[in-house]
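Novice: Give me a model of this one.
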Amino acid sequence: MRQADTFDLKTFLAEGQLEKNLQEVDINLDDKEQSVVDDVKDEMSAILKTMDTELAKASESANEGLLTVASIAIALPAIMGLVAKFGKAAGAMVNKLLGKKPTDQDAYQQWMSKLGHIADELHHLYMAPIEAIVKKFIKDPVKAKKVSSGIFHVIVATFLIASGATAVKALQSKNLSLATLEGALSAVKGGELKQFISGLAEA
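Specialist: This next block holds a predicted model:
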């Protein structure tokens, strides 16, 4: 991993939190699914580092250095540029290793199942670091968790769209809210991410 992309992942590894997360869940990825996850690690690390930097910049202008949900909009453009890059990389790997979205119903279900496995693995690798970053700036733990979850669902939605998936009902995931994911899909397609993130935190 490049020096610029190290962020807090090493800290999480050193503290054993990442291993603990992985031990608590039984995700058996096949080689192709694992290859997709491995191929996008640099992009995910870049997202984490930029999120930390951009949220810090936004918090500097906020009252008492605490970031409000509304001011996250300041940080979104830079973060979403990297999320889009991640989506393209992941989508390209899915199409290369798993093939494009099948037209046969049974094959489509299997294809969506594989995307669900990948999404679950990404969740267990990156949800804790995302939440750790957000909690540094949003002190309300409930709002921080909702914003973190929203950001992660946007990342997965971008990955699904780039892979060719247009609906999420067939996605089998242990860790994702399909309702939130549907909202994230609509927000990504409609360019309404600021409203989506703010709406989650204010719900």
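Novice: Tell me which stretches of the protein form helices.
Specialist: With DSSP state H as the definition, the chain shows helices at residue ranges 9-15, 17-23, 31-39, 41-60, 72-97, 105-137, 141-163, 178-190, 193-202.
Novice: On the pLDDT front, check Glu192 for me.
Specialist: Per-residue pLDDT puts Glu192 at 88.
Novice: Which residue is the nearest non-sequential neighbour of it?
Specialist: Computed as CB to CB, 6 or more residues apart in numbering, the closest residue to Glu192 that is not its neighbour in sequence is Ser186, at 7.4 Å. All C-beta atoms are positioned from the backbone trio N, CA, C, and that covers glycine.
Novice: List the contacts of the residue positioned nearest the centre of the chain.
Specialist: In the chain, the residue lying closest to the centroid (CA atoms, centre = their mean) is Phe152, at 3.0 Å. Applying CB atoms under 8 Å, 6 or more residues apart in numbering, we find Phe152 in contact with Leu122, His123, Tyr126, Met127, Ile130.
Novice: Can you tell me which of those residues lies closest to Ser177?
Specialist: Taking CB to CB as the measure, Ser177 lies nearest His123 of these, at 11.1 Å.
Novice: What's the local residue count around the closest one?
Specialist: Using other CB atoms under 10 Å, the number of residues around His123 comes to 23.
Novice: quick one, phi/psi of the closest residue in space to it that isn't next to it in sequence?
Specialist: In space, His123 comes closest to Asn175 once its chain neighbours are excluded; the distance is 4.2 Å by CB to CB, 6+ apart. Backbone torsions of Asn175, given as degrees, to the nearest 10, read phi -120, psi -10.
Novice: And for Asn175, the neighbour number?
Specialist: Asn175 - counted by other CB under 10 Å - has 17 other residues nearby.
Novice: so what's Glu54 up against?
Specialist: Glu54 neighbours (CB under 8 Å, 6+ apart): Ile74, Ala75, Ala78, Ile79.
Novice: Check the spacing between Ala179 and Val188 real quick.
Specialist: 15 Å (CB to CB, to the nearest Å).
Novice: quick one: least confident helix or strand in this protein?
Specialist: Least confident element among the helices and strands of the chain, by mean pLDDT, DSSP states H and E: helix 17-23 (a mean of 44).
Novice: re earlier: quick one, which of Ala179 and Val188 is more surrounded?
Specialist: Taking neighbours as other CB under 10 Å, Ala179 and Val188 compare with Val188 leading, 22 against 10.
Novice: Cool, thanks, signing off.
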